[in-house]
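Peer 1: Following is a predicted model, sequence given first.
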Amino acid sequence: MKIEIWSDVMCPFCYIGKRNLESALENFDQKDDLEIIWKSFQLDPNMPETPQGSQAEYLSKNKGLPIQQVEGMMANVTEYAKQIGLDFNLKDAVMVNSFRAHRFIQIAKERGLGDEAEELLFRAYFTEGKNIADEQILKEIATEIGLSEADVQTALQDDHYAYQVKQDIQQAQHLGVRGVPFFVFDNKYAISGAQPVEQFSQTLDKAFSAWKSEAKPKFHVSEGDSCSVENPRGCI
């Protein structure tokens, strides 16, 4: 069963939602029958590709709120993250366009490493204060998850990966997604936002039961003597 997740690397609730889903999966006996697919989404596609001051300054300007209020909001989300084991360091977050990071996610996803790429990009942005648009940072992450530096260059230069990012965003728009994280279970059930672990568990159970009941039955074969194209002499 597929679980599709629309996310932006710069979204704190996407990291929190990821961790809450993972906590729900720890107690889900059928997790080996799940396929998790990360989808790109950009909260601010117009953000420059060069660092733009502190997160507090950026949010204050874009939301029209006093910087003290924004700092209070950041402190609240930091505490929320701490309760589930995440160490946020928002004052050092590098505000930069996330498109290049999403291109990297696409090639990682193609190689079966989408979840690993998401995790390390979240950590780089929210904990380590790294520039997720910087090619060298992306190369370091690539090496850590088992990709090569050449893979990063391909992701940043090949228009195929830019197209994949845009396709994910268009699909989100078609679904009416207005914010992230947004989780879709088997194209039938959805969770919007960083819901509690219990909500993920309930939706997992419901979606999986529906998926399993609709799945085609598998063949159960009792083997006996036979002729096969692989071993025609076995018939003699």
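Peer 2: Looks like it arrived, so ask away.

Peer 1: Could you use CA atoms for every contact and neighbour count after this?
Peer 2: Will do.

Peer 1: In what element of secondary structure is Lys61 found?
Peer 2: Assessed by DSSP states H and E, Lys61 sits inside helix 55-63.

Peer 1: Alpha carbons of that helix, as CSV, please.
Peer 2: Listed next in CSV are the C-alpha coordinates belonging to helix 55-63 (Å, rounded to 0.1, in the frame of the first residue of the first chain):
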residue,chain,number,x,y,z
GLN,A,55,14.1,32.8,10.0
ALA,A,56,12.6,35.2,12.5
GLU,A,57,13.2,38.2,10.2
TYR,A,58,11.9,36.3,7.2
LEU,A,59,8.7,35.2,8.9
SER,A,60,8.1,38.6,10.5
LYS,A,61,8.4,40.3,7.1
ASN,A,62,6.3,37.7,5.2
LYS,A,63,3.6,37.3,7.9
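
Peer 1: So which bits of that helix are buried?
Peer 2: Neighbour counts over helix 55-63 (16 or more other C-alpha atoms under 10 Å) mark Gln55, Ala56, Glu57, Leu59, Ser60 as buried.

Peer 1: Just give the nearest non-adjacent residue to the last one, would you?
Peer 2: Spelled out, that is Ser60. Closest residue to Ser60 apart from its sequence neighbours, by C-alpha to C-alpha, 6 or more residues apart in numbering: Ile67 at 5.3 Å.

Peer 1: gap between the one you found and Ile141?
Peer 2: Distance, Ile67 to Ile141, by C-alpha to C-alpha, to the nearest Å: 32 Å.

Peer 1: These two: which has the busier surroundings?
Peer 2: Taking neighbours as other C-alpha atoms under 10 Å, Ile67 and Ile141 compare with Ile141 leading, 23 against 16.

Peer 1: who's in contact with the more buried one?
Peer 2: Contact analysis of Ile141 by C-alpha atoms under 8 Å, 6 or more residues apart in numbering lists Ala117, Leu120, Leu121.
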